[in-house]
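A.B. asks: Predicted model and sequence follow; I will ask about them next.
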Amino acid sequence: MPEVGGNRAGLKSSELAALGRVYRRRVSPHEVVSAELAAFLCEISRQIARQVGVLVSRQGEVEQVFVGDASRIVLPEVGRLRSGYGRFRGLRLVHTHLRNEVLSRDDLVDLALLRLDLVAAIGVSQEGRPADLHLAHLVPPQPGKEPWVHLAPTPFHRAELDFLDLISALEEEFDRVIPRSRQARSGERALLVVAELGRGQGLLPSRVHELGELCRTAGIEVADVALQRRAQPDPRYLIGRGKLEDVLVRAMQFDVQVLIFDPDLSPGQAHAISSFTDLKVIDRTILILDIFAQRAKSRDAKLQVELAQLRYRLPRLQEENTMMSRLVGGIGGRGPGETKLEIGRRRARERLHRLEKEVEDTRRQRQGRREARKARGLPVVAIVGYTNAGKSTLLNSLTGSEVTVEDKLFATLDPTTRRLRFPRERELIVADTVGFIRDLPKDLAQAFHATLEELDDADLLLHVVDAADPDREQHIAAVERILLDLHLAETPRLLVYNKVDRLLPTELAILVGDRQTIAISALDRRTVLPLLAAMEEALWREGHSVRPGPGSGSSSGH
C-alpha cells in the first residue's frame, strides 16, 4: 500500500493507518468526492487538527494521500505538464479546510501550475462533518484575467455538480481556443517582467514599450507583461517569490517558453529564477545581444558580438542547470558565439583573449583608414542618436545612398561612411553609427568601443531625435549620458528633430521653440536643406582648421 505523504510528524500509528486505508476507497467518476470519503476526511482532519488531502483520478481511484498543517497543505511532487499545453492532468485535488474557509492562493496556484482537473476544499464543521464545498477550475487564457474560476460555495449535502460533464465541457472549450492560437504563432513566445526599483520615476510605461520593441525586432511574440514596483530588489528572485509565482501562473496560462526581465539579472538571480520556473530566462542585455547577433554582417561586427556575448555569459557558465543551459538555440542563443556557450570556463577565457586580440587588430586597421582620411583633410560628420530615430534614413537622404532601413531597433549595426560634396568644392565624410539605447550594456559598450572610435575623429555630431516619440526627452538624456561616457561632450553637435511630418504644426512649434534645433523629415529630401546649411556653417564658418565650439551655430542638446 502507498505511504501517506506530507507532514506526518507527531501522528499516531493508528492515525497513519486510518489515513492509509483511504487508498482503498473509490469515488464515482461523476462525483467530485463521495459523501463517505468527504465524511472520513473531515472526521480525521478534525481529530488531528490538520488539513488532509487526496489526489483522485478520473476513474475515481485515490492516487495519493497527504497531510498538511492547520492552515495549508503542500502537494507531493507530480511534475509539471509542459508538453500538454491545454490539457488537464487527469487528477483532482480534494482537501479539507478546518475553518470552512474559501480556497487559498496556494490552492489556486497549484491548480494552475499543475493543470489539475479541479480543486475542491471541504469545509469542516465544529462537529467534524462536511460543511461547504468550495470549487475552482481552469478556463481558457484571456489577457488581464485570472486563469481560473471560483464556483459559488455550496453546502456539501446539496452539491450536485457532475464532474465528468464539467471536465468534458472544459476540454472542448480549450480545444476550440488553443489550436487556433498555436497555429497563428511563429517563433518563441515570451512574457515580459519589468520591475521599477527604488523611488518611482514614472518610466515604467516607456520601459515596457521599449522592451516590447526589442522583442519585435528579435522576432519574439509577447504574450503578456508583468509589472512590479519595489523599493529594493529581491536578492534571490529580483521581484520576490510571491510575484514570481504569479508570473509562472501567467506563463503557464499563455504557453510561454521564455521569461524576459528588465532590469538585468545577476548570475545568482538568473539561476534561481530558472530553477524555480523551469523556463528559459533571459534579461534585456541578452535580448540586445541576440538582436546584434542577428544583425551582424561584417567580420568586425561578428567578432564584436561574440566578444560581448562571452564577456556577459562567462560568469553565468555553470555546471548546474542554469539560465544558460536553456539557451541552446532560439532567442538569446544565436549568433557567432552560440557554439561557445557550452565550453568550459578555461576554454571560454582562451576564446575571449583571442577575440580581444582580433578586435584590437581590426581597431588598428580602422585607425589606419581614419589616418588616411585625415591626411586628405576631409572633415567628418557622425550621425548619432537613439536607436530607430532615423539615422540611416538621414544618411541616405544626405548622400543619396541606399543603406538598409527598417522600422526596427538596431536595424543598422555595421558603421557606414559616405562622402558628401558641398558647393564650392567642399567635401566631407558622413558616418552612420550604431544606435544608442538606455542603459547600454557595459559588455556591449566595451565590445563596440572600436566601432564607436569613429566618433573620436568627428568634427561635428548630428544628434538625431525621433520627434514623434513621446519619450524623446528621455532618449535625448540617454544619448547625452553615453556621449559623456565616451568623452565626447565637448564635440560640437546639431540637435536634429526627425519625423516631424508625424506632428501637428502646433506640436512642432512647441517642440522646436524651447531649444536651438533643426526640424526635418528624413524621408523628404527638401526638408534636409536647412540641415545642410547648418552643417556647412558649423564646419567652415571660420575654416575647417578651427573646430567650432558648442555655442553659436550648433546645439549641444543640453
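C.D. replies: Good, I have the coordinates.
A.B. asks: Could you check which helix or strand contains Ile383?
C.D. replies: strand 380-385 (DSSP states H and E).
A.B. asks: by contact count, what packs against that strand?
C.D. replies: If contacts are counted by 3 or more C-beta pairs under 8 Å, 6 or more residues apart in numbering; DSSP states H and E, strand 380-385 sits against helix 391-399, strand 426-432, strand 460-466, helix 472-485. Just so you know, the C-beta spots here come from the backbone N, C-alpha and C atoms, and that holds for glycine as well.
A.B. asks: Okay, angle between the third one and helix 472-485 too, please.
C.D. replies: What it means is strand 460-466. 150 degrees (axes from the mean of the first three to the mean of the last three C-alpha atoms, to 10 degrees).
A.B. asks: mind checking how far strand 460-466 is from the chain centre?
C.D. replies: Counting by C-alpha atoms, centre = their mean, to the nearest Å, strand 460-466 is centred 29 Å from the centre of its parent chain.
A.B. asks: Touching that strand from outside, list them.
C.D. replies: The list of residues contacting strand 460-466 from outside it, by C-beta atoms under 8 Å, 6 or more residues apart in numbering, reads 379-386, 388-391, 394, 455, 472, 475-476, 479, 483, 488, 491-499, 531, 535, 538-539, 548, 554-555, 557.
A.B. asks: buried subset of these?
C.D. replies: Taking 16 or more other C-beta atoms under 10 Å as the criterion, what is buried in the contacts of strand 460-466 is 379-386, 388-391, 394, 455, 472, 475-476, 479, 483, 488, 491-499, 531, 535, 538-539, 548, 554-555, 557.
A.B. asks: Select the helix or strand of this protein having the lowest average pLDDT value.
C.D. replies: Every helix and strand of the chain was ranked by mean pLDDT, DSSP states H and E. The lowest is helix 449-452, at a mean of 62.
A.B. asks: where in the stretch 351-500 of the chain is pLDDT low?
C.D. replies: Low-confidence segments of the stretch 351-500 of the chain, defined by pLDDT under 70: 366-367, 369-370, 372-376, 404, 411-415, 441, 443-451, 453-454.
A.B. asks: Arg426: how many residues sit nearby?
C.D. replies: 14 (other C-beta atoms under 10 Å).
A.B. asks: Please report how far it lies from Trp540.
C.D. replies: 7 Å (C-beta to C-beta, to the nearest Å).
A.B. asks: swap in Ile48?
C.D. replies: With distances taken as C-beta to C-beta, Ile48 is found 92 Å from Trp540.
A.B. asks: now Asp485
C.D. replies: Asp485 is 30 Å from Trp540, by C-beta to C-beta.
A.B. asks: do the same with Ala226
C.D. replies: Taken as C-beta to C-beta, the span from Ala226 to Trp540 is 54 Å.
A.B. asks: Who has more neighbours out of these two?
C.D. replies: Ala226 (19 against 16).
A.B. asks: and the angle from the longest helix anywhere in the chain to strand 426-432?
C.D. replies: Longest helix of the chain, by residue count under DSSP state H: helix 345-375. Between helix 345-375 and strand 426-432, the angle comes out at 160 degrees (the same axes, to 10 degrees).
A.B. asks: Buried ones in helix 345-375, by neighbour count?
C.D. replies: 348, 351-352, 355-356, 358-359, 362-363, 370, 373.
A.B. asks: can you list contacts of whichever strand or helix holds Val208?
C.D. replies: Element membership for Val208 (DSSP H and E) is helix 204-218. Residues outside helix 204-218 that contact it (C-beta under 8 Å, 6+ apart) are 190, 192, 194, 196, 221-222, 225, 227, 229, 260, 262, 284, 287-288, 290-291, 294, 331, 388, 408-411, 437-438, 470-471, 474.
A.B. asks: if you set the cut-off to 7 Å instead, what comes out?
C.D. replies: Here helix 204-218 makes contact (C-beta atoms under 7 Å, 6 or more residues apart in numbering) with 190, 192, 194, 196, 222, 225, 227, 260, 262, 284, 287-288, 290-291, 331, 408-410, 471, 474.
A.B. asks: same deal with stretch 470-484?
C.D. replies: Outside stretch 470-484, the residues that reach it (C-beta under 7 Å, 6+ apart) are 203, 206, 384-386, 436, 438, 440, 463, 465-466, 469, 489, 557.
A.B. asks: CA atoms only for that stretch, dumped as CSV, please.
C.D. replies: Only the C-alpha atoms of stretch 470-484 are listed here, as CSV (Å, rounded to 0.1, in the frame of the first residue of the first chain):
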residue,chain,number,x,y,z
PRO,A,470,6.6,60.5,-26.6
ASP,A,471,9.8,59.5,-24.7
ARG,A,472,12.1,61.8,-26.8
GLU,A,473,13.3,63.8,-23.8
GLN,A,474,14.4,60.6,-22.1
HIS,A,475,16.1,59.5,-25.3
ILE,A,476,18.0,62.8,-25.6
ALA,A,477,19.2,62.5,-22.0
ALA,A,478,20.3,58.9,-22.6
VAL,A,479,22.3,59.8,-25.6
GLU,A,480,23.9,62.7,-23.8
ARG,A,481,25.0,60.4,-21.0
ILE,A,482,26.6,58.0,-23.4
LEU,A,483,28.4,60.8,-25.2
LEU,A,484,29.7,62.0,-21.9
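A.B. asks: Distance from it to the middle of the chain?
C.D. replies: 22 Å.
A.B. asks: pLDDT weak spots in the stretch 101-250 of the chain?
C.D. replies: 178-187, 199-202.
A.B. asks: so what's Leu135 bridging to?
C.D. replies: Counting by DSSP bridges, Leu135 is bridged to Ala120, Leu151.
A.B. asks: That one and Val74: what is the separation?
C.D. replies: In terms of C-beta to C-beta, Leu135 sits 20 Å off from Val74.
A.B. asks: out of those two, which sits in the more crowded spot?
C.D. replies: Between Leu135 and Val74, counting by other C-beta under 10 Å, Leu135 is the more crowded of the two (22 against 16).
A.B. asks: Run through the residues that contact the more buried one.
C.D. replies: Contacts of Leu135 by C-beta under 7 Å, 6+ apart are 32, 118, 120, 151.
A.B. asks: Quick check: the gap between it and Glu427.
C.D. replies: Taking C-beta to C-beta, one finds Leu135 at 79 Å from Glu427.
A.B. asks: Next: Leu55.
C.D. replies: Counting by C-beta to C-beta, the gap from Leu55 to Glu427 is 79 Å.
A.B. asks: same question, Val78
C.D. replies: To Glu427, Val78 is 73 Å away according to C-beta to C-beta.
A.B. asks: same question, Arg24
C.D. replies: In terms of C-beta to C-beta, Arg24 sits 94 Å off from Glu427.
A.B. asks: and the two? which has more neighbours close in?
C.D. replies: Ranked by neighbour count (other C-beta under 10 Å), Arg24 and Glu427 place Glu427 first, with 12 against 9.
A.B. asks: How about Leu166, nearest residue that isn't a chain neighbour?
C.D. replies: With C-beta to C-beta, 6 or more residues apart in numbering as the criterion, Leu166 has its nearest non-adjacent residue at 6.9 Å, and that residue is His137.
A.B. asks: tell me the phi and psi of the one you found?
C.D. replies: phi -140, psi 170 (degrees, to the nearest 10).
A.B. asks: and the helix or strand where Glu172 lies, C-alpha only, in CSV?
C.D. replies: For Glu172, the element it lies in under DSSP H and E is helix 163-183. C-alpha atoms of helix 163-183 as CSV (Å, rounded to 0.1, in the frame of the first residue of the first chain):
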residue,chain,number,x,y,z
PHE,A,163,-17.6,16.2,-12.6
LEU,A,164,-17.3,14.3,-15.9
ASP,A,165,-19.7,16.7,-17.7
LEU,A,166,-17.8,19.7,-16.4
ILE,A,167,-14.4,18.4,-17.4
SER,A,168,-15.6,17.3,-20.8
ALA,A,169,-17.1,20.8,-21.5
LEU,A,170,-13.9,22.5,-20.3
GLU,A,171,-11.7,20.3,-22.6
GLU,A,172,-13.9,21.1,-25.5
GLU,A,173,-13.7,24.8,-24.8
PHE,A,174,-9.9,24.6,-24.5
ASP,A,175,-9.7,22.7,-27.8
ARG,A,176,-11.6,25.4,-29.6
VAL,A,177,-9.3,28.2,-28.3
ILE,A,178,-5.8,26.6,-28.1
PRO,A,179,-5.3,25.1,-31.6
ARG,A,180,-6.1,28.4,-33.3
SER,A,181,-3.8,30.4,-31.1
ARG,A,182,-1.0,27.9,-31.6
GLN,A,183,-1.3,27.8,-35.4
